Structures are given as C-alpha cells and as structure tokens.
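>>> need coordinates for the following:
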Amino acid sequence: MYVAVVHAELHLPLALSLKDKRQVLNRIKDRMRNLHAAVAEVDHADLWQRAALGIVAISTTADHVEQQLAAAADEIDRVEPGLVTRTEIEFLA
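Residues are numbered from 1 along each chain as shown. Okay, the predicted model is just below:
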C-alpha cells in the first residue's frame, strides 16, 4: 500500500474576506471528492488571501498514487487558474 500527500500553497488575490476564501476552497474540495482524494486546509486558516491544502491519496502502486495527486494538482489549476504558488509531493512509509 502506498500513501502520498501533496502540500499545495495557494494565493487568493480576489478574496476580500474569509467567506470569499471559503467559497474558493469549497469549490476545490468538491472537485477533489470526484478524484477520490482526501483534502483539508492545513495552514493559514486565519488569512484571507493565503491557503495551504493537504491532499492525500492511497493506492496499491506508487505510480497510481503519483498519477492521482498530479491529477488533483491539475484540477486545482483548472478550477481556479493561477492560484497555486507551490506544490510538494511526499510519500509516506
């Protein structure tokens, strides 16, 4: 079994309140459910224009996990273009 996490940093320049930020993050989270990946806001919860998401995938092969997480990162950029400032994939033992 392989488990991996993507840590994605986002910049939300149009968010003028926590409500605006929450709307964007909820759209992203809804899309992640379709990709069978778990997602949670893991940092910067009190900042309006910054967010950090943790996205987790589990599979029987490392390639499949990597494909799932790459698809998740691509989906974030497709749903909300230009928001992702940094991504990092980490495989857990």
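
>>> do you know the pLDDT at A93?
According to the prediction, A93 has pLDDT 64.

>>> one more: G54?
In this model, G54 is scored at 95, pLDDT.

>>> also A57?
Reading off the model, A57 has pLDDT 91.

>>> distance of it relative to K29?
The gap separating A57 from K29 is 15 Å, by CB to CB, to the nearest Å. Where you see a C-beta, it was placed from the backbone N, CA and C, and this is true even at glycine.

>>> ditto for A4
A4 is 18 Å from K29, by CB to CB.

>>> which of the two has more neighbours?
Counted by other CB atoms under 10 Å, A4 and K29 do not tie: A4 has more neighbours, with 20 against 17.

>>> let me know the helix or strand that that one is in.
Secondary structure assignment for A4, by DSSP states H and E: strand 2-11.

>>> averaged pLDDT, that strand. What do you get?
Strand 2-11 shows a mean pLDDT of 93 in the predicted model.

>>> mind listing the strands that strand pairs with, and their directions?
Paired strands of strand 2-11, with direction, are strand 50-59 (antiparallel), strand 84-92 (antiparallel) (DSSP bridges).

>>> the helix or strand following that strand packs against which elements?
Downstream of strand 2-11, the first helix or strand assigned by DSSP H and E is helix 18-34. For helix 18-34, the packing partners by 3 or more CB pairs under 8 Å, 6 or more residues apart in numbering; DSSP states H and E come out as strand 38-43, strand 50-59, helix 62-79.

>>> output helix 18-34 as CSV - backbone C-alpha positions only.
These are the backbone C-alpha positions of helix 18-34, laid out as CSV (Å, rounded to 0.1, in the frame of the first residue of the first chain):
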residue,chain,number,x,y,z
LEU,A,18,-12.7,34.6,5.0
LYS,A,19,-16.0,34.0,3.4
ASP,A,20,-14.6,34.6,-0.1
LYS,A,21,-11.7,32.3,0.7
ARG,A,22,-14.0,29.6,2.0
GLN,A,23,-16.0,29.7,-1.3
VAL,A,24,-12.9,29.1,-3.4
LEU,A,25,-11.7,26.3,-1.1
ASN,A,26,-15.1,24.6,-1.1
ARG,A,27,-15.1,24.5,-4.9
ILE,A,28,-11.7,22.9,-4.9
LYS,A,29,-12.6,20.4,-2.2
ASP,A,30,-15.8,19.4,-4.1
ARG,A,31,-13.6,18.6,-7.1
MET,A,32,-11.2,16.5,-5.0
ARG,A,33,-14.0,14.2,-3.9
ASN,A,34,-14.6,13.3,-7.6
